[in-house]
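A.B. asks: Please work out how this folds:
(2 chains)
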Amino acid sequence: MLERYLKLTRAEFILYLREPSGFFFTLIFPLLLMMLFGSIWGNEPFPGENFGYIDFAVPAFIGMVILTTGISGLTTSIAAYREKGILRRFKAAPISPLLVLTAELSALFVITILGMILLLAAGVIVFGMRFYGSIPEVIAAFVLSTLSISALGFVPASLAPSARSGMIIANVMYFPMLFLSGAALPRQMLPPFMKSFSQILPLTHVIELLQGLWLGGHIWEYPVQISVLCFVIVAGFAIAAKYFRWE
Amino acid sequence: MIAVDGISLEVSKCEIFGIVGPNGAGKTTTMDCIVSMRRPDSGFISVLGLNPLSQRRALLKKVGIQQQESELPDRMKVREAMELFSCFYGNSTDSTEILSRLGLSDKTESFFSTLSGGQKKRLFVALSLVGDPEIVFFDELTSGLDPQARRSMWDLVRGLRDDGKTVFLSTHYMDEAEKLCDRVAIIDRGRIVALDTPGSLVRSHAFALSVVMGIPDSFSEIELESIPGVLEVFREGGNVTARVRDSSAIVEIVKLLVDRKIELGNFHTEKSTLEDVFLKLTGKR
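C.D. replies: Numbering: from 1, shown residues only, chains lettered A, B, ... in the order given. Sure thing, here's the model as predicted:
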């Protein structure tokens, strides 16, 4: 059982890295954006603060990686499995479809960790990133965030009548979160009405939580963010359990 | 809409059993029900003593399936696919040997998407064998293969039977069913219309022989019909064909032609084939 799970996860992981667009948008694009903005704004502490741009950009770009694997990565893989009939081949082997799905999620999780490591390395090596938080708390928040955004990714995969429409819904979810929730651009730059709109985007809460913990906050100081993310997990997986179909 | 309607059949160990039928006859549906890929509305199925519905996983461990429509991820390599699927079945077979038997030895590092249609088909046959199955199911085993690849696939299937495996295959090539299968079920519109060895099917359902003669128009072929044992005579282009019950009628035909001093353009006999049986039984003539 464990051997099969590990082999499947490894296979899914390699397949994801071999897809140039997946590889680029998950691992390279966030890194490039962070390097670009970092070279513009540097990492000098803001006046009256003990942190600079990179110190809150690293957790924000980690949020971007979580978004890309959770929404785009998941929808693309499931669409391919469903429409191309790959699952039909797996169904003829003595394994459970649930194992295939779990392996898929695990592979995406490993990719997300890889993306995070690249961002941290660039932050530390190139910009001398500062970190004031507690590592276990950040790891807990990272796992919660990844689960939450993956649960959200199951919604288009479950509700859309076809792979094509699923991809469209996924994009409609992806781009507003990319630009409005503080992932690619700091939310502080948004006009006030956009800022309040962005509160309904789950990724906003991911990034607020990660940035807060990064700069020395504690988990119990973010009850709203944590409740929202937990709610998304429950709602997302409930919708998936009810509507998700393999074929 | 009923795709398969009351099919009943029994396959013995170590035989090559084929179902033949026109497209849409219900071959794939039948196979899907047997291998637990689809739930039948009613009926009873037992495979190796296992119930496909309640003992699905145990059954799938013991059978290998090559499906008509299936895919792998584009960027999965042949070798990786073999390794992955082989780990699903606990028992380890020699992937290298299976791939070389299917002529894929030089493709192990190729991505699935770069394989040709025939190579993909052979890979799926290879995948159906990685679990060292007791029964192998092949759905349209040789469609899309070139003649050489078809012949070597037939050799492979016979080799599987000689290794003690049972083969259940579907095809719409009649020559394939006739040459390869020990027993054949002809199905049409979801029902079995005949089931026997190819030889018996031909003997009991078709004319034994056809005599094809190049005879000038001046000779009226009606005369041939009066010969005992001649069942049917018709003219097609420059040739007259007489369907006869057995070879004794041929002797009479030759006598008649010699008596009349007919100059024959050509003269040969054709044995009936499974295709004739099939066309007769499925009314597609």
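
A.B. asks: element containing the residue nearest to A:Arg10 when sequence neighbours are not counted, please.
C.D. replies: Once flanking residues are discounted, A:Arg10 sits nearest to A:Ala107: 7.8 Å by C-beta to C-beta, 6 or more residues apart in numbering or on different chains. The C-beta positions use only the backbone N, C-alpha and C, and glycine is treated the same way. In the assignment (DSSP states H and E), A:Ala107 maps to helix A:97-127.

A.B. asks: With B:Ile187 instead?
C.D. replies: strand B:183-188.

A.B. asks: how far is that strand from where the chain is centred?
C.D. replies: Chain-centre distance of strand B:183-188: 9 Å, with C-alpha atoms, centre = their mean, to the nearest Å.

A.B. asks: does stretch B:23-42 come close to chain A?
C.D. replies: Yes - residues of stretch B:23-42 contacting chain A under C-beta under 8 Å from any C-beta of the partner chain: B:35, B:37.

A.B. asks: measure that stretch end to end?
C.D. replies: 23 Å (C-alpha to C-alpha, to the nearest Å).

A.B. asks: what's that stretch in contact with?
C.D. replies: A:88, A:91-92, B:3-5, B:7, B:19-21, B:43, B:45, B:47, B:52-53, B:56, B:59-60, B:63, B:65, B:68, B:137, B:139-140, B:168, B:170, B:172, B:187-190 (C-beta atoms under 8 Å, 6 or more residues apart in numbering or on different chains).

A.B. asks: Using neighbour counts, trim the residues you listed to the buried set.
C.D. replies: Buried members of the contacts of stretch B:23-42, scored by 16 or more other C-beta atoms under 10 Å in any protein chain shown, are A:88, A:91-92, B:3-4, B:7, B:19-21, B:47, B:52, B:56, B:59-60, B:63, B:65, B:68, B:137, B:139-140, B:168, B:170, B:172, B:187-188, B:190.

A.B. asks: Looking at those residues, which are in strands?
C.D. replies: Those of these mapping onto strands are B:19-20, B:63, B:65, B:137, B:139, B:168, B:170, B:187-188, per DSSP state E.

A.B. asks: For residue 196, give me the pLDDT.
C.D. replies: Just so you know, I chose chain A. A:Ser196 carries a pLDDT score of 91 in this model.

A.B. asks: The chain in question should be chain B.
C.D. replies: B:Asp196 is assigned 91 on the pLDDT scale.

A.B. asks: Kindly report the same for B:Met1.
C.D. replies: 57.

A.B. asks: what do you get for A:Ile86?
C.D. replies: 88.

A.B. asks: in the chain, what spans have low per-residue confidence?
C.D. replies: Looking at chain A here, since you left the chain open. Flagging of chain A using pLDDT under 70 yields the residue ranges A:246-247.

A.B. asks: Correction: the question concerned chain B.
C.D. replies: Where chain B drops to pLDDT under 70, the residues are B:1-3, B:284-285.

A.B. asks: Residue numbers of it in contact with chain A?
C.D. replies: B:35, B:37, B:57-58, B:60-61, B:65, B:67, B:69-73, B:75-76, B:80, B:83-85, B:87-89, B:124, B:127, B:131.

A.B. asks: Just the buried ones from these, in ChimeraX syntax?
C.D. replies: Command for ChimeraX that selects the buried part of the residues of chain B next to chain A, burial taken from 16+ other C-beta under 10 Å:
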select /B:35,37,60,61,65,67,70,71,72,73,75,76,80,84,85,87,88,89,124,127,131
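
A.B. asks: Now, the residues of chain B next to chain A that are in helices?
C.D. replies: B:57-58, B:60-61, B:80, B:83-85, B:87-88, B:124, B:127 (DSSP state H).

A.B. asks: Enumerate the residues of chain A near chain B.
C.D. replies: So chain A meets chain B at A:3-4, A:7-8, A:11, A:14-15, A:18-19, A:80, A:84-86, A:88-89, A:91-96 (C-beta under 8 Å from any C-beta).

A.B. asks: Is it possible to mark the buried ones in those?
C.D. replies: For the residues of chain A next to chain B, buried by 16+ other C-beta under 10 Å: A:4, A:7-8, A:11, A:15, A:19, A:80, A:84-86, A:88-89, A:91-95.

A.B. asks: rewinding a little: the strand holding B:Ile187 - which strands sit beside it in the sheet, and in what orientation?
C.D. replies: strand B:16-20 (parallel), strand B:191-196 (antiparallel) (DSSP bridges).

A.B. asks: What are the contacting residues of the longest one?
C.D. replies: Yep, that's strand B:191-196 we're talking about. B:5-9, B:183-187, B:201, B:204-205, B:277, B:281-282.

A.B. asks: And the furthest pair within those?
C.D. replies: In the contacts of strand B:191-196, the most distant members under the criterion C-beta to C-beta are B:Asp5 and B:Ser204, with 23.5 Å between them.

A.B. asks: Distance-wise, check the closest residue to A:Ile168 other than its chain neighbours relative to chain B.
C.D. replies: Spatially, and ignoring its direct neighbours in sequence, A:Ile168 is nearest to A:Ala160 (7.9 Å; C-beta to C-beta, 6+ apart). For A:Ala160, the distance to chain B (C-beta to the nearest C-beta, to the nearest Å) stands at 20 Å.

A.B. asks: What's the local residue count around A:Ala160?
C.D. replies: Here the number of neighbours of A:Ala160 (other C-beta atoms under 10 Å in any protein chain shown) works out to 18.

A.B. asks: just checking, B:Leu160 is part of a helix?
C.D. replies: Yes - assigned with DSSP: H, G, I helix; E, B strand; the rest coil, B:Leu160 falls within a helix.

A.B. asks: who are the neighbours in contact with it?
C.D. replies: B:129, B:136, B:167.

A.B. asks: Can you show me the helices along chain A?
C.D. replies: Going by DSSP H, chain A shows helices at A:2-18, A:20-23, A:29-41, A:53-67, A:74-84, A:86-91, A:97-127, A:135-159, A:163-180, A:192-197, A:202-214, A:223-243.

A.B. asks: Show me which of those has the highest average neighbour count.
C.D. replies: Of all those, helix A:53-67 has the most neighbours on average by mean count of other C-beta atoms under 10 Å in any protein chain shown, namely a mean of 27.

A.B. asks: Redo the ones in helices among the residues of chain B next to chain A as CSV? Include distance to A:Ile113.
C.D. replies: Listed next are these as CSV, based on distance: C-beta to C-beta, whole Å:
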residue, distance to A:Ile113
B:Arg57, 32
B:Ala58, 37
B:Leu60, 33
B:Lys61, 34
B:Glu80, 22
B:Glu83, 24
B:Leu84, 22
B:Phe85, 27
B:Cys87, 24
B:Phe88, 26
B:Phe124, 34
B:Leu127, 31
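
A.B. asks: of the residues you listed, closest to A:Ile117?
C.D. replies: B:Glu80 (24.9 Å).

A.B. asks: where's the residue most central in space within chain B relative to B:Gly199, distance?
C.D. replies: Centroid-nearest residue in chain B, with C-alpha atoms, centre = their mean: B:Ala177, separated by 3.0 Å. Remark: distance between B:Ala177 and B:Gly199 (C-beta to C-beta, to the nearest Å) = 12 Å.
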